[in-house]
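K.L.:
Just the structure for this:
(chains A and B)
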Amino acid sequence: MRNIFEEIEKTIQENDVVLFMKGSKDMPQCGFSATVSHILNQLGVEFHDVDILRDPEIRQGIKEFSDWPTIPQLYIKGEFVGGCDIIKEMFQAGELQEMLQEKKVIA
Amino acid sequence: MPIAQEKLESLLRAKFPEALLEIVDTVGDQDHYSVKIIDKIFAGKTRVEQHKMVNTALAGHLGAALHALQIKTSAV
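P.N.:
From the prediction side, this is the model:
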């Protein structure tokens, strides 16, 4: 049987920045996912995208894993940072850039 | 399935009795809301923790009855 939590754990450990989103980073299928994706691109962050629309088990699993009811969800170095509102707020305050620098994701 | 603004407000009020609440129906369809909650119980908590408290107050409604909810929280 598929162990969803283990798969998610592996994904966020193997990739510095992971965005669980609707659609892909090249073709987001939802405005909120597109917003976070654009912010990361603007900051020059390389990130791994997981399209939850292609995988209903991950779609449900990530909500339980993070204890967070909505998509997108951003993970940095294995840590859940937030959804669209939080990322937008952090970006506008310059806190997201700081966090990414602290965690050595961007220079 | 939308949710009336009064209902949303009473759910939030029950969880945050002391808070300054601002609710805006952004599209006017009772399905997209923006809420701003200022409450000193948020002090010292991360944004994720603060938003989780809001999500808990609306448990079961978010993602089901409520399509989109923009949340902004702060302690001051």
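K.L.:
Next, the contact list for A:Asp67, please.
P.N.:
Each residue near A:Asp67 by C-beta atoms under 8 Å, 6 or more residues apart in numbering or on different chains is listed here: B:Lys52. Where you see a C-beta, it was placed from the backbone N, CA and C, and this is true even at glycine.
K.L.:
Look at it and report its pLDDT.
P.N.:
Residue-level confidence at A:Asp67 comes out at 92, pLDDT.
K.L.:
three-state assignment of the spatially closest residue to A:Ile8 that is not a sequence neighbour?
P.N.:
When the adjacent residues along the chain are set aside, A:Ile8 lies closest to A:Phe65, with 5.0 Å between them (C-beta to C-beta, 6 or more residues apart in numbering or on different chains). Here A:Phe65 takes the helix state, with states given by DSSP: H, G, I helix; E, B strand; the rest coil.
K.L.:
One more: A:Leu100?
P.N.:
Of the three states, A:Leu100 takes helix under three-state DSSP.
K.L.:
Roughly how far does it sit from chain B?
P.N.:
According to C-beta to the nearest C-beta, to the nearest Å, A:Leu100 stands 16 Å off from chain B.
K.L.:
quick one: that residue and A:Leu74 touch, right?
P.N.:
No. Contact status for A:Leu100 versus A:Leu74: not in contact, 10.8 Å apart, counting by C-beta atoms under 8 Å.
K.L.:
Enumerate every residue touching the residue nearest to A:Ile8.
P.N.:
Shown in contact with A:Phe65 (C-beta under 8 Å, 6+ apart): A:Ile4, A:Phe5, A:Ile8, A:Glu9.
K.L.:
between the residues you listed, which is closest to A:Gly83?
P.N.:
Minimum separation from A:Gly83 among the contacts of A:Phe65 (C-beta to C-beta) is found for A:Ile8, which lies at 15.8 Å.
K.L.:
what's around the closest one, how many residues?
P.N.:
The local packing count at A:Ile8 equals 20, with neighbours defined by other C-beta atoms under 10 Å in any protein chain shown.
K.L.:
same thing with A:Ile52?
P.N.:
A:Ile52 has 23 neighbouring residues, counting by other C-beta under 10 Å.
K.L.:
Skipping adjacent residues, who's closest to it in space?
P.N.:
Nearest-residue entry for A:Ile52: A:Arg59, 4.0 Å, with adjacent residues in sequence omitted and distances by C-beta to C-beta, 6+ apart.
K.L.:
Tell me the helices and strands packed up against the helix or strand of chain B with the lowest mean pLDDT.
P.N.:
The element with the least model confidence among the helices and strands of chain B, by mean pLDDT, DSSP states H and E, is strand B:68-74, at a mean of 90. Other elements packing on strand B:68-74 under the criterion 3 or more C-beta pairs under 8 Å, 6 or more residues apart in numbering or on different chains; DSSP states H and E are helix A:84-93, strand B:32-38, helix B:47-57.
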